[in-house]
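Undergrad: please work out how this folds:
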Amino acid sequence: MVAKSVASWDEKRAVCGNCKHIFLKAQSRIAGYCSVDCHANATYLDTVQQRIRAMRLAANEPTPAEPVVAAAPVTVDGSNSTFADFYTAKLSPGHAVEWSFSAMY
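TA: Predicted structure coming up:
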């Protein structure tokens, strides 16, 4: 008796590259995947894995030491100041208040 290697109908099936389900090749629009959604999901997962690998590599790289810039201390006048020192005499109660309105309707 001669043994057949593979049944003729078996060549019409394939295993999905994402979910590993067996599907009919004639029913799939994308080669290697059972559906467009499965292909999109596999592409998304591949992109996420690449980003995770890139972040791990970036985390393992030593960070270059940034040069420390020493700033000279600034001397400040020791006397305390009040708002009276900022020329606010025009706001005293004896002066008339000028109003200016700009309204657009």
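Undergrad: show me the shaky parts of the protein.
TA: In the predicted model of the chain, residues 1-6, 78, 80-105 satisfy pLDDT under 70.
Undergrad: all strands for it, in order.
TA: Taking DSSP state E, the strands of the chain run over residues 13-15, 22-24.
Undergrad: in TSV: those strands, plus mean neighbour count and distance to residue 72.
TA: For the C-beta atoms, the positions are set from N, CA and C on the backbone; glycine is no exception. Shown next, in TSV, are the strands of the chain (neighbours: other Cβ atoms under 10 Å; distance: least, Cβ to Cβ, whole Å):
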stretch	mean neighbour count	distance to residue 72
strand 13-15	13	71
strand 22-24	12	73
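Undergrad: closest to residue 74 out of the ones you listed?
TA: Nearest to residue 74 among the strands of the chain is strand 13-15 (71.9 Å), distances taken as Cβ to Cβ.
Undergrad: name every strand pairing with that closest one and say which way it goes.
TA: Strand 13-15 sits in its sheet next to strand 22-24 (antiparallel), going by DSSP bridges.
Undergrad: list the contacts of the strand it pairs with.
TA: 12, 13, 14, 15, 16, 34 (Cβ atoms under 8 Å, 6 or more residues apart in numbering).
Undergrad: what's the farthest-apart pair in the residues you listed?
TA: 12 and 16 (14.5 Å).
Undergrad: without its sequence neighbours, what residue ends up closest to residue 17?
TA: residue 32 (4.6 Å; Cβ to Cβ, 6 or more residues apart in numbering).
Undergrad: and of the contacts of strand 22-24, the nearest to residue 76?
TA: Nearest member of the contacts of strand 22-24 to residue 76, counting by Cβ to Cβ, is residue 16, at 72.2 Å.
Undergrad: I'd like the distance between that closest one and residue 47.
TA: For residue 16, the distance to residue 47 equals 19 Å [Cβ to Cβ, to the nearest Å].
Undergrad: on that earlier part again, might one say that the residue nearest to residue 17 is in contact with residue 25?
TA: No. Here residue 32 does not reach residue 25: they are 9.5 Å apart, not a contact under Cβ atoms under 8 Å.
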